[in-house]
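Asker: Fold the stuff below for me.
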Amino acid sequence: MNWIISFFTSSLGKKLIMALTGLFLIVFLLIHLTGNSMLLLNDGGEAFTGFVVFMETNPLIKIAAYILYLGFIIHILQGIFVWLANRRAKGGSYAVTTTANASIFSKYMFWFGMVILIFLIIHLSDFWLGLKVTHTFGDEELYDKLIDKFHNPVFLVIYELGMVALFMHLRHGFQSAFQTLGLNDKKWTPIVKCLGNIYSILVPLGFFIIPLYVYFVK
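Answerer: Numbers count the residues shown, from 1 in each chain. Coordinates of the predicted model:
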């Protein structure tokens, strides 16, 4: 048991947890984007509401939701721990070389993550809190609330900035997660890099376009 604790509290263990929770959140983003894309339909929110009701009533989805909450918390905390550890090791020759050769995506990944965290706090307080905690609105009202929010220019700008930060964070995070898990040889690295580029562009772009469509069309 002690070796397990020692491993997961080590630098490698923390990075492994970051990678695994990051990949879990990557899958969640695809599901979330699937639901949000239904806002593009001109059906008065019927498909979107049906999707929300399914997600809210399916027992397996409910269990996955609690795992998701835990994954968010662990990913955020581990990100802070890894950043602090890197800061302490910054004087080392490896750290200096890595920073010097790093892209803007990897160099400022932590700060993009902090922007996403601020966005999440705002986003959750607008929707998750009212739906799950205070019950000020139900599944059927979520569609109208989203449409109203996307017609608010201030919220629209905050949302879009969050999606830009998500792109910047994913641009390095996707490939980094797979490298941490060992897929960094000549065979897999180009494939992972290609998939990472496609995912980090298309998924945030999808989230970015939807509120613009709602604001200018609906």
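Asker: quick one: the residue nearest to the spatial centre of the chain and Leu68, what's the gap?
Answerer: Central residue of the chain (C-alpha atoms, centre = their mean): Leu25, 5.6 Å from the mean position. Using C-beta to C-beta, to the nearest Å, we find Leu25 at a distance of 8 Å from Leu68. For glycine as for every other residue, the C-beta is placed from the backbone atoms N, C-alpha and C.
Asker: Please apply the same query to Gly206.
Answerer: Look at Gly206 and Leu68: by C-beta to C-beta, they are 19 Å apart.
Asker: what about Leu146, neighbour count?
Answerer: Using other C-beta atoms under 10 Å, the number of residues around Leu146 comes to 20.
Asker: show me where pLDDT drops low in this structure?
Answerer: The chain contains residues with pLDDT under 70 at 1-9, 90-102, 183-184.
Asker: which residues sit in contact with the nearest residue to Ile201 once chain neighbours are set aside?
Answerer: Computed as C-beta to C-beta, 6 or more residues apart in numbering, the closest residue to Ile201 that is not its neighbour in sequence is Phe167, at 6.9 Å. Each residue near Phe167 by C-beta atoms under 8 Å, 6 or more residues apart in numbering is listed here: 200-201, 204-205.
Asker: If you count neighbours, what's buried in the helix or strand Phe167 falls within?
Answerer: Take DSSP states H and E as the rule and Phe167 turns out to sit in helix 153-180. Within helix 153-180, the residues scored as buried using 16 or more other C-beta atoms under 10 Å are 155-156, 158-160, 162-163, 165-180.
Asker: so what's the backbone phi/psi at Asn58?
Answerer: phi -70, psi 120 (degrees, to the nearest 10).
Asker: Distance of it relative to Lys14?
Answerer: The gap separating Asn58 from Lys14 is 33 Å, by C-beta to C-beta.
Asker: which of these two has more neighbours?
Answerer: The neighbour comparison of Asn58 against Lys14 (other C-beta under 10 Å) goes to Lys14, with 18 against 12.
Asker: quick one, what contacts the more buried one?
Answerer: For Lys14, the contact set (C-beta under 8 Å, 6+ apart) comprises 8, 78, 81-82, 85.
Asker: Which one (most neighbours) among those residues?
Answerer: Highest count within those by other C-beta under 10 Å belongs to Gln78, 21 neighbours.
Asker: Let me know the secondary structure of that one.
Answerer: helix (DSSP: H, G, I helix; E, B strand; the rest coil).
Asker: Can you name the residues that contact Tyr143?
Answerer: Applying C-beta under 8 Å, 6+ apart to Tyr143 gives the contacts 39, 45, 48-49, 52.
Asker: what's it sitting at in phi/psi?
Answerer: Here is the backbone geometry of Tyr143 (degrees, to the nearest 10): phi -60, psi -50.
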